[in-house]
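**Student:** turn this into a model:
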Amino acid sequence: MPESFFLVSKEYPELAVDEVVTLVKMYDRFAKIKTISNLVLIQSVTPWEKIARRATFVKTAGQLLRKMSNVFFDENNYSLLFGAKTFMCKAINLSEKEVNIPDIERSLGSMVSTFCNAKVSLDEPDVIIYMIFTDEENFFGFSTKFEPVKRPEKITKFHHELDWKLTRAMINLARINDDEIVCDPFCGTGSTLLEAQSMGINAIGIDFDEKMCKISKDNLKANKFSAEIYNQTYEYMDQIKFDGIVTDLPYGTASKVSEPPKKIMKKFISKIPRKAKFAIMCKKGLEDDIKLNLTKKYEIYRHKSLTRMILVK
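**Tutor:** Residues are numbered from 1 along each chain as shown. Prediction:
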């Protein structure tokens, strides 16, 4: 079975690893997964590019060719360079040992150059050859060029809106598959809708503020997206069909809601369809005393007076 590797950001380490694992399991429930620090190793029939295109916090990904006990590169592995005009070598040290990265990259590059016609390129190589060192074992792999998902742009946005990286990760953590529909009942300027549609996922937005609905529509139009948006309260969820919810609950003075956030949270949770998947962001404490059958929750520290939670089911 093919093996892939994913090196994830340490910005939100637990969330970043879980995002990759969730995507892998969503596409292939029989996949085998191993994590070493922020390195995720996958045995799966799912191509690594498919995971890398959706995952938010993946910094580096590729095909794992073989494990290695020492630094080596034998002739059997040069087939990956057939047809490649350019390459580069990259060593990544995740171990506690000292590793001379520049020397290893130069030595490997020289060896590769003697066996093929490809030339070293540090800009946009056709193939990147990786050596990954960990305290447990070392790995050898490669990646080829692939087109990442184009980032959607907003013509209007607010400083307090949901961060696009966390929005995208929440869609993935909620296990929203390619052929499903995600609903954001507090869609605001349309962050969830934009990220979902950029991944090819259908989306529906709801917001009680007519101005926000117009902003969402304008932002979608600017990206040539066409998600449905309803100028209604979150209770309108009862009238539409969807597979999962990804939203950021309103809080603080920036929101225009008339009810206290905790009351909104309680009423909102009671309206979620029993079978619906969700990833909900809220201010820490709003989830207290509310019965939720969660699969995971994450703390997102903002500043000393605000910690946000991501609740996943």
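**Student:** and residue 42, what element?
**Tutor:** strand 39-43 (DSSP states H and E).
**Student:** tell me the mean pLDDT for that strand?
**Tutor:** Strand 39-43 shows a mean pLDDT of 97.
**Student:** for stretch 133-150, same thing?
**Tutor:** Stretch 133-150 comes out at a mean pLDDT of 87.
**Student:** beta-bridge partners for residue 5, please?
**Tutor:** Going by DSSP bridges, residue 5 is paired in beta bridges with residue 41, residue 62.
**Student:** identify the residues contacting it.
**Tutor:** 39-42, 48, 60-64, 130, 132, 139, 141 (Cβ atoms under 8 Å, 6 or more residues apart in numbering). Where you see a C-beta, it was placed from the backbone N, CA and C, and this is true even at glycine.
**Student:** so where do the helices sit in the stretch 201-313 of the chain?
**Tutor:** Taking DSSP state H, counting those that start in this stretch, the helices of the stretch 201-313 of the chain run over residues 210-222, 261-271.
**Student:** alpha carbons of the first one, as PDB, please.
**Tutor:** Okay, so that is helix 210-222. Output of helix 210-222 as PDB, limited to C-alpha atoms (Å, rounded to 0.1, in the frame of the first residue of the first chain):
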ATOM      1  CA  GLU A 210     -29.300  41.900   6.000                       C
ATOM      2  CA  LYS A 211     -26.100  43.900   5.600                       C
ATOM      3  CA  MET A 212     -24.000  40.800   6.300                       C
ATOM      4  CA  CYS A 213     -25.900  38.700   3.800                       C
ATOM      5  CA  LYS A 214     -25.200  41.300   1.100                       C
ATOM      6  CA  ILE A 215     -21.500  41.300   2.000                       C
ATOM      7  CA  SER A 216     -21.400  37.500   1.800                       C
ATOM      8  CA  LYS A 217     -23.100  37.600  -1.500                       C
ATOM      9  CA  ASP A 218     -20.600  40.200  -2.800                       C
ATOM     10  CA  ASN A 219     -17.600  38.200  -1.600                       C
ATOM     11  CA  LEU A 220     -19.000  35.000  -3.200                       C
ATOM     12  CA  LYS A 221     -19.700  36.900  -6.500                       C
ATOM     13  CA  ALA A 222     -16.100  38.300  -6.500                       C
END
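**Student:** contacts for that helix, please.
**Tutor:** 152-157, 187-190, 193-194, 197, 205, 207, 226-227, 229-231.
**Student:** at 10 Å instead, please
**Tutor:** 152-158, 161, 184, 186-194, 197, 203, 205-207, 209, 225-232, 256 (Cβ atoms under 10 Å, 6 or more residues apart in numbering).
**Student:** residue 63: how many residues sit nearby?
**Tutor:** Residue 63 has 17 neighbouring residues, counting by other Cβ atoms under 10 Å.
**Student:** in this structure it contacts residue 4, no?
**Tutor:** Yes - contact criterion Cβ atoms under 10 Å: residue 63 and residue 4 qualify, at 6.0 Å.
**Student:** so what sits against both of the two?
**Tutor:** In contact with both residue 63 and residue 4: 47, 48, 49, 141, 143, using Cβ under 10 Å, 6+ apart.
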